[in-house]
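Engineer: Would you be able to build a 3D model of this:
(one chain, ligands or ions: 1)
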Amino acid sequence: MAREIASRRRNGGGDEGQASSRSNRRTSAHDSGSVRRNYSSRPPAPRPSFVVVVVVAIAFVGFCLVNVRLATRLGEGGAGAGGVTSSHPPPSRGDATGGEIAPSPAAAAARDRDANDDRVLAHFRRAGVDLDAASMRRLPTWSEIESLIGTEAVVLGLDKCEDFRENVPPLRRMLGSAGMFNSGTNLVTSLMKANCVIPERFEKYGPNATKEQYGIRWQCPWGKHTPVQLRHDHLAPKAKDQNADDCLPIVTIRNPFTWMKSMCRLPYSAIWDRRDSGAGRKDVCPHLVYADSPSGVRMPVPLEFKFSGHSLSYDSLAHLWNEWYAGYWRNADGFPFLMVRLEDLVFRQYETTRIICECAGGAVAPEDDFKYIVNSAKIGPAHGKKIDRTDMVDAWVKYGKPMAARAEFSDLDYDAAVDFVSRELMEKMGYKYPPSK
Ligand SMILES: *[C@@H]1O[C@H](CO)[C@@H](O)[C@H](O)[C@H]1NC(C)=O
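Structural biologist: Take a look at the predicted model:
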């Protein structure tokens, strides 16, 4: 399988090459046929000679294909496969192919790469997404993904699962998403609704019931973006008859550096000054500190967060991230919650969904029957309704990109972000800082 992927990758251009040599073959067979006929004194005996010509042509094309493949291989050995995939040349992929012949560290790297590619491909195969050569070239390898987000899904709050199951009887149990804007709340809800039920509820309500009757909701009664300190004071519409304690919040979180960039594009109801205080009042984002702060002082740019009649103030966008999530992971009441990373929901859909579902005593669809969320959820800030299978590829490409140096923030913002963002939460969630250069 891995080989097949590798050779399909290599033959990205080969598909076109094949098609064009096929049409060449047709033309040349015809040409040489007419040449023969011209030189023949006898009346044409087209059948046998035509067959011979075709056989010769096929042999020739086969020979060409082998050569093209060989040449491609040699080319990769020298110049690196990056030459083909100029838009996204991952450093590890380029130099490994030559190693398939000579036993060397490069050979081991090639084997690793193949194994990694196989993991990536298996995910798309199970999701029912057909990958063409172009998509395969764009996708990150599994080791590139692991170097970004680590080798395991990170979930906080698993120590409270048992409490939740013991304190809330199955027929009352609910799971609902919670999280800041742009953190994957819709993605986790779609995954859960498609794949998880509380079995006792399924038994009671039968096969045609609603997802809510199976225990899976869009949000917990206090609303998905509501700071959790208000979970007993604020009720989302249609939640008046529900008990907040019956709902296990699935809190989605995202690396704050990419999250802040997302908030710049789509701030929803977070309001802050996103323009430079300098002469031109240029747009600047995330704009965590004022450029004209007194020397040696970082003057944060305050932010106001509005939701259904409430308005809360935060020192800056970075502080909003810290405090909104601290409401869950530092909660003094000890109420149960699960905190999951958007990055895991993108790259480890099955594993992450299963962890969440089983925490609440739910049953998840088996891996073979698991419904991957390819396009229905709003994974990123784009809210559009695209019906396109490439959405999953796009998400992998987008979330699999190495972090840009300093997150492409201004120096002021980058230094402020490193200073402001909770190091403790970064570590708990296994998040990495963008490289400083
Ligand atoms: C569920 O819906 C299907 C299709 O509409 C129907 O055939 C089946 O009888 C229903 N089952 C129950 C238990 O209502």
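
Engineer: tell me, how many neighbours does the single nearest residue of the chain relative to the ligand end up with?
Structural biologist: Closest approach between the chain and the ligand, counting by C-beta to the nearest ligand atom: Asn208, at 3.8 Å. The way it works is simple: take the backbone N, C-alpha and C, and place the C-beta from them, glycine included. Close neighbours of Asn208, defined as other C-beta atoms under 10 Å, add up to 6.

Engineer: Go ahead and name everything in contact with the host helix or strand of Ala326.
Structural biologist: Secondary-structure element containing Ala326, defined by DSSP states H and E: helix 317-329. Outside of helix 317-329, the residues within contact range by C-beta atoms under 8 Å, 6 or more residues apart in numbering are 156-157, 178, 180, 227-229, 249, 251, 253, 256, 259-260, 263, 270, 272, 286-288, 300-301, 303, 305, 314, 337, 339, 416-417, 420-422, 425, 428.

Engineer: Please enumerate the strands of the protein.
Structural biologist: 155-156, 174-179, 196-197, 216-219, 247-253, 270-272, 303-307, 310-314, 338-341, 363-364 (DSSP state E).

Engineer: Given the last one, what are its sheet partners and their directions?
Structural biologist: This means strand 363-364. Strand pairing for strand 363-364, using DSSP bridges, gives strand 196-197 (antiparallel).

Engineer: So which residues make contact with the partner strand?
Structural biologist: With C-beta under 8 Å, 6+ apart, strand 196-197 has contacts from 175, 214-216, 353, 356-357, 362-365.

Engineer: can you list the residues of the protein near the ligand?
Structural biologist: When proximity is defined as C-beta under 6 Å from any ligand atom, the chain approaches the ligand at 206-208.

Engineer: mind redoing it with 5 Å?
Structural biologist: Residues of the chain found near the ligand (C-beta under 5 Å from any ligand atom) are 206, 208.

Engineer: so where's the chain shaky on pLDDT?
Structural biologist: The chain contains residues with pLDDT under 70 at 1-116, 237-240, 375-390.

Engineer: Using the record's domain definitions, break it down for me.
Structural biologist: Following automatic domain parsing, the chain resolves into domains at 2-139, 155-382+401-428.

Engineer: hang on, the earlier thing: are any of the contacts of helix 317-329 buried, and which?
Structural biologist: 156-157, 178, 180, 227-229, 249, 251, 253, 256, 259-260, 263, 270, 272, 286-288, 300-301, 303, 305, 314, 337, 339, 416-417, 420-422, 425 (16 or more other C-beta atoms under 10 Å).

Engineer: Show me which residues of stretch 302-309 are buried.
Structural biologist: Within stretch 302-309, the residues scored as buried using 16+ other C-beta under 10 Å are 303, 305, 307.

Engineer: Then stretch 137-152?
Structural biologist: Neighbour-count burial for stretch 137-152 flags 137-145, 148-150 (criterion: 16+ other C-beta under 10 Å).

Engineer: cool, and stretch 331-349?
Structural biologist: Neighbour counts over stretch 331-349 (16+ other C-beta under 10 Å) mark 335-349 as buried.

Engineer: Pull up the distance across stretch 428-437, start to finish.
Structural biologist: 24 Å (C-alpha to C-alpha, to the nearest Å).

Engineer: Report the buried residues of it.
Structural biologist: Within stretch 428-437, the residues that count as buried by 16+ other C-beta under 10 Å are 429-431, 433-434.

Engineer: In CSV: the residues you listed, plus distance to Glu408.
Structural biologist: As requested, the buried residues of stretch 428-437 are exported to CSV (distance: C-beta to C-beta, whole Å):
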residue, distance to Glu408
Met429, 21
Gly430, 22
Tyr431, 17
Tyr433, 14
Pro434, 8
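
Engineer: In helices, which of those fall?
Structural biologist: Nothing among these maps onto helices, per DSSP state H.

Engineer: Gly278: which of those is nearest?
Structural biologist: Of all those, Gly278 sits closest to Pro434, with 24.4 Å by C-beta to C-beta.

Engineer: What values do phi and psi take at that closest one?
Structural biologist: Per-residue torsions, Pro434: phi -60, psi 150 (degrees, to the nearest 10).
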